[in-house]
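Peer 1: The following comprises the amino acid sequence and a computationally predicted model.
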Amino acid sequence: MTTTPNAVSLTIAVLTFNRPADIAEVLPLLLDQAASVRDRADARVLVIDNEPNASARGVVQNAAEAASAARRAPGIVVHYVHEPIAGITAARNRALDESRDSDLLVFIDDDERPSEAWLASMLDLQARTGCAAVAGPVASEFEVQPSAFIAAGRFFVRVGHATGDSLDVAATNNLLLDLRQIRAFGLSFDAGLGVSGGEDTLFTRQIVAHGGQMLWSNEARVVDVVPRARLTRRWVVRRAFSSGNSWSLTSLMLAEAGSERWLVRLRLTVRGLIRAAGGLARIVAGLLTNRLDFRARGLRTLARGAGMVGGAWGYTYREYRRVEAD
């Protein structure tokens, strides 16, 4: 099957950092996705390797050659790029730069696996509505069974929506962008958030602030493969703290300097304190009633509230800090 003359140009970007097995597994799936939409998009796969030593280069080359030898997704190009600057924003901005000739860009992470309808669902919704962005659900599967505490706290349960719902914010681990609108808005990922995270929160909130429409596609599902190292109480609580912290930091960045920023700071402080107090009360209730779910969800709420208060007053939690970034 050949691409139709009026097809949009599409880049499927996957960012990778020191996950050779993951990138080797997901790359053939992305080639299949690109081939499945030939009738509506001229698609290619872009790999951004953010590991300092470009460790994914050989893995990507071998996977692409294996797919070619098996005549899997013939004609689909795999483009490998090494981004030596450490940090998630450098990698995401490199993907934007490498996609400068594309109409659309889709982000997916190397530890995710797309469902069969993933890409087609995103493209269909964007084509019907002309929206600036489409986000989809991320479901978690686990390398090992989560502890009772993590399961009770619902730390990996994400908020869902109905297809077509408008969004105010989204993550970039399952996101389609209309680059024609993104360029018109003059947007890129903020380099100052490279080690703290929250770059996707700020970026997608900026899309909406510029008047862009961001919609949800419930059919564009990916599965997040959660490794053993993330299934600890320490990791999930820190992630909850980081979520609250990045929300406050990006809210301040979006606010006008002066009195408006101070009002936002105070509002975030109050909301964070209320959330933290509610979480603490739930922990106490859980201790008194021997309810594990109360204790676990209370701790998650307390951590997010504490992160909000810290972010409101300038504290930045460096979630993606690496040794070489110090």
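Peer 2: Here it is on my side, so go on. Numbers count the residues shown, from 1 in each chain.

Peer 1: now this structure, which segments are flagged as low pLDDT?
Peer 2: Low-confidence regions of the chain, defined by pLDDT under 70, span residues 1-6, 321-326.

Peer 1: if you set the cut-off to 90 instead, what comes out?
Peer 2: The model of the chain has pLDDT under 90 over residues 1-7, 63-75, 87, 159-160, 192-198, 256-258, 317-326.

Peer 1: Let me know the outermost residue of it.
Peer 2: Farthest-out residue of the chain from its mean C-alpha position, per Cα atoms, centre = their mean: residue 288, at 37.7 Å.

Peer 1: where exactly do the strands run in the protein?
Peer 2: With DSSP state E as the criterion, the chain has strands at 8-16, 41-49, 78-82, 104-109, 112-114, 133-135, 138-142, 174-178, 214-216, 222-226.

Peer 1: could you dump the ones you listed to TSV with mean neighbour count and distance to residue 70?
Peer 2: For every residue, glycine as well, the C-beta is placed using N, CA and C. Output for those, formatted as TSV (neighbours: other Cβ atoms under 10 Å; distance: least, Cβ to Cβ, whole Å):
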stretch	mean neighbour count	distance to residue 70
strand 8-16	24	19
strand 41-49	25	16
strand 78-82	18	14
strand 104-109	25	22
strand 112-114	21	19
strand 133-135	26	31
strand 138-142	15	26
strand 174-178	25	27
strand 214-216	22	35
strand 222-226	18	23
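
Peer 1: I'd like a version of the ones you listed in JSON lines, one that adds distance to residue 165 as further columns.
Peer 2: Formatted as JSON lines, these follow (distance: least, Cβ to Cβ, whole Å):
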{"stretch": "strand 8-16", "distance to residue 165": "23"}
{"stretch": "strand 41-49", "distance to residue 165": "24"}
{"stretch": "strand 78-82", "distance to residue 165": "33"}
{"stretch": "strand 104-109", "distance to residue 165": "19"}
{"stretch": "strand 112-114", "distance to residue 165": "21"}
{"stretch": "strand 133-135", "distance to residue 165": "10"}
{"stretch": "strand 138-142", "distance to residue 165": "16"}
{"stretch": "strand 174-178", "distance to residue 165": "15"}
{"stretch": "strand 214-216", "distance to residue 165": "5"}
{"stretch": "strand 222-226", "distance to residue 165": "18"}
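
Peer 1: Quick check: which of these is nearest to residue 161?
Peer 2: Relative to residue 161, the nearest member of these by Cβ to Cβ is strand 214-216, separated by 4.0 Å.

Peer 1: So for stretch 65-83, what gets flagged as buried?
Peer 2: Within stretch 65-83, the residues scored as buried using 16 or more other Cβ atoms under 10 Å are 67, 73, 76, 78, 80-83.

Peer 1: gap between the two ends of stretch 35-44?
Peer 2: Stretch 35-44 has an end-to-end distance of 9 Å (Cα to Cα, to the nearest Å).

Peer 1: So which residues make contact with it?
Peer 2: Stretch 35-44 is contacted by residues 1-4, 7-12, 33-34, 72-79, 104, 119-120, 123, 127 when judged by Cβ atoms under 8 Å, 6 or more residues apart in numbering.

Peer 1: can you do 10 Å?
Peer 2: Stretch 35-44 has contacts (Cβ atoms under 10 Å, 6 or more residues apart in numbering) with 1-13, 30-31, 33-34, 72-79, 99, 102-104, 106, 116-120, 122-124, 127.

Peer 1: and the closest residue to residue 28 other than its chain neighbours, how far is that from residue 188?
Peer 2: The shortest distance from residue 28 to any non-neighbouring residue, by Cβ to Cβ, 6 or more residues apart in numbering, is to residue 67 (5.4 Å). With distances taken as Cβ to Cβ, to the nearest Å, residue 67 is found 31 Å from residue 188.

Peer 1: cool, residue 64 as well?
Peer 2: Here the criterion is Cβ to Cβ. By it, residue 64 lies 28 Å from residue 188.
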